[in-house]
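In: Could you work out the structure for the sequence below:
(one chain, ligands or ions: 1)
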Amino acid sequence: MPDSAAPVIRSDDPASFPHSVLAERHPALIRKVQDATPYDPQQRRALDELLKNTLEGVVAPPADDAWWDTWNVRRHAGRSWFSLPFLAAESCFYRQLLNAVGYFTPGPWQGVDPFRPFKLAELDTPEAAAELTALDTLAEQPLPEQLKALLHGSLWGNRADLGFRIQTAEEGAAAHSQLVADDSELLSTLLTDGSGRGLLCLVADNAGRELIPDLLLIDHLLAHGHFDRAVLHLKPYPYFVSDATTADTLDAVRHLVAAKTAAGQRLWSALSDGRLILRAHPFSCAPLPYADMPADLRDEFASADLTLLKGDLNYRRLVGDRLWPPTTPFAAATAYFPGPVAALRTLKSDVIVGLDAETEAALVAAEGQRWRTSGTRALIQVRV
Ligand SMILES: O=P(O)(O)OC[C@H]1O[C@](O)(CO)[C@@H](O)[C@@H]1O
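Out: Sure thing, here's the model as predicted:
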């Protein structure tokens, strides 16, 4: 790790983005969760209490929830939520939200995902349908163009659909200009260099309209013989609202099959014959950077020819959730990672590395620090 003195991102400054996540987004999310499911009075009360607790109270881990010990976060008990490192505060919040609705408690609500209504709704939009229609057009393009469109589909997730990218060259250029770092050529080479025997690890981010393009990318790489096998890393239970779980992956594959796409059938077969493997490691829901990953996960990534991490949260965990100087090289921040690694991320939080000085200066001149969190910028970074 470079300059480990870079400050950890915290939530205590009322003017900061992390503060607004705890003070505004979390309460709004609790209300949305209450509206989306007819929870019983006890669950509703627990959610109300959590809302009040996160704003005015202190962290109060349940005595019988071992997660707090496993990841050494019980030490935060008794502290204001706003005084925790941002990553820990968010992670603990999601754990408490699941506890409030009885997700881990034996009984009728065990395993019922509070975010599933939102994830399913995303699959059912006209935009999602148009993306699937665009797959036919995509199949007629030269293979390098197909890969490029799929990479950008995976990168932008639910922000821009495949039809948009394939059909509108100007819009494509506009999307390109939003990239603050772009190692896409190197990434395309790594994905297609012809070894044909390799293992790809894709560490998923969100379900719904982000997971669909991730699955289509995996399908393309398997179908064209660029990789023998792919491992898709998922969350073992709901996390950060829309993070993808096994259930969400099955929903997405079923959706692709129901839409009669060839990719859907191929993904179904790849799951059935072991070329596409699902993993849901407990560390995937840990409030810790990947630098602290356990040995079995490290071995798994070490055996991959390439690990591709999706999204903002994975990026924060990959480089460490700190206010690094933005010009810190991506290779230095990820030197510890066991094997070639790539990040596809839209920028939704303060952390950033791997910018050149001119790019950073231009971004700051144009919009202060807003580009870090607005979700309008993205990056593709690779360390071989
Ligand atoms: O879904 P993504 O891309 O991982 O983004 C999640 C991001 O959203 C936030 O939770 C803010 O709402 C960030 O803190 C987090 O990194």
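In: I'd like to know how far the nearest residue to Leu379 once chain neighbours are set aside sits from Pro236.
Out: With Cβ to Cβ, 6 or more residues apart in numbering as the criterion, Leu379 has its nearest non-adjacent residue at 4.3 Å, and that residue is Ala181. In this view, the C-beta of every residue, glycine as well, is placed from N, C-alpha and C. Using Cβ to Cβ, to the nearest Å, Ala181 is found at 31 Å from Pro236.
In: So these two - more neighbours on which side?
Out: Per other Cβ atoms under 10 Å, whichever of Ala181 and Pro236 has more neighbours is Ala181, with 21 against 14.
In: Show me the contact partners of the helix or strand containing that one.
Out: If you go by DSSP states H and E, Ala181 is part of strand 179-182. Applying Cβ atoms under 8 Å, 6 or more residues apart in numbering, the set of residues contacting strand 179-182 from outside is 176, 330, 347, 352, 354-356, 359, 363, 371, 377-381.
In: State the next helix or strand along the chain beyond that strand.
Out: helix 184-192.
In: quick one: strands adjacent to the next helix or strand after that following helix?
Out: Later in the chain than helix 184-192, the nearest helix or strand by DSSP H and E is strand 199-203. Each strand pairing with strand 199-203, determined using DSSP bridges, is listed with its direction: strand 229-233 (parallel), strand 306-310 (parallel).
In: buried stuff in the first one?
Out: Neighbour-count burial for strand 229-233, counted by 16 or more other Cβ atoms under 10 Å, picks out Arg229, Ala230, Val231, Leu232, His233.
In: for the following helix or strand past it, what is the average pLDDT?
Out: Towards the C-terminus, the helix or strand next in line after strand 229-233, according to DSSP H and E, is helix 246-258. When pLDDT is averaged along helix 246-258, the result is 97.
In: by contact count, what packs against helix 246-258?
Out: Judged by 3 or more Cβ pairs under 8 Å, 6 or more residues apart in numbering; DSSP states H and E, helix 246-258 is in contact with helix 116-123, helix 211-223, helix 262-273.
In: average pLDDT for the last one?
Out: Here helix 262-273 scores 98 as its mean pLDDT.
In: same deal with the second one?
Out: pLDDT averaged over helix 211-223 equals 96, rounded to a whole number.
In: which stretch among the helices and strands packed on helix 246-258 comes nearest the ligand?
Out: Nearest to the ligand among those is helix 211-223 (11.2 Å), distances taken as Cβ to the nearest ligand atom.
In: circling back: for the strands paired with strand 199-203, which one sits closest to the ligand?
Out: Taking Cβ to the nearest ligand atom as the measure, the strands paired with strand 199-203 were each checked against the ligand, and strand 306-310 came out nearest at 7.6 Å.
In: quick revisit: most widely separated two among the buried residues of strand 229-233?
Out: Checking these against each other with Cβ to Cβ, the farthest-apart pair comes out as Arg229 and His233, at 13.4 Å.
In: buried ones in the strand or helix carrying Ala149?
Out: If you go by DSSP H and E, Ala149 is part of helix 143-156. Of the residues in helix 143-156, those scored as buried under the neighbour-count criterion (16+ other Cβ under 10 Å) are Gln146, Leu147, Lys148, Ala149, Leu150, Leu151, His152, Gly153, Ser154, Leu155, Trp156.
In: That one packs against which elements?
Out: Helix 143-156 makes packing contacts with helix 126-139, helix 162-167, helix 169-177, helix 184-192, helix 211-223, strand 341-346, strand 378-383 when contacts are defined by 3+ Cβ pairs under 8 Å, 6+ apart.
In: Next to the ligand in this structure, residues from the stretch 101-250 of the chain, please.
Out: Proximity of the stretch 101-250 of the chain to the ligand is confined to Asp205, Asn206, Phe240 under the rule Cβ under 6 Å from any ligand atom.
In: mind putting the residues you listed in CSV, neighbour count and pLDDT included?
Out: Rendered in CSV, the data for these read as follows (neighbours: other Cβ atoms under 10 Å; pLDDT from 0 to 100):
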residue, neighbour count, pLDDT
Asp205, 25, 94
Asn206, 22, 93
Phe240, 17, 93
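In: what's the spacing between the residue lying farthest from the centre of the chain and Glu49?
Out: Among the C-alpha atoms of the chain, the one farthest from their average position, using Cα atoms, centre = their mean, is that of Pro41, at 32.4 Å. Using Cβ to Cβ, Pro41 is found at 12 Å from Glu49.
In: I'd say Leu47 and Gln34 touch.
Out: Yes: using Cβ atoms under 8 Å, Leu47 is in contact with Gln34, at 5.5 Å.
In: So for those two, which residue has more residues nearby?
Out: Counting neighbours by other Cβ under 10 Å for Leu47 and for Gln34 shows that Leu47 has the greater number, 20 against 17.
In: And the more buried one, what's its pLDDT?
Out: Predicted confidence (pLDDT) for Leu47: 98.
In: What strand or helix carries it?
Out: Using DSSP H and E, Leu47 falls within helix 41-56.
In: now the next helix or strand after that helix, how far from the centre of its chain.
Out: Stepping forward along the backbone from helix 41-56, the first helix or strand reached (DSSP H and E) is helix 67-70. Mean C-alpha position of helix 67-70 versus that of the full chain (Cα atoms, centre = their mean, to the nearest Å) differs by 22 Å.
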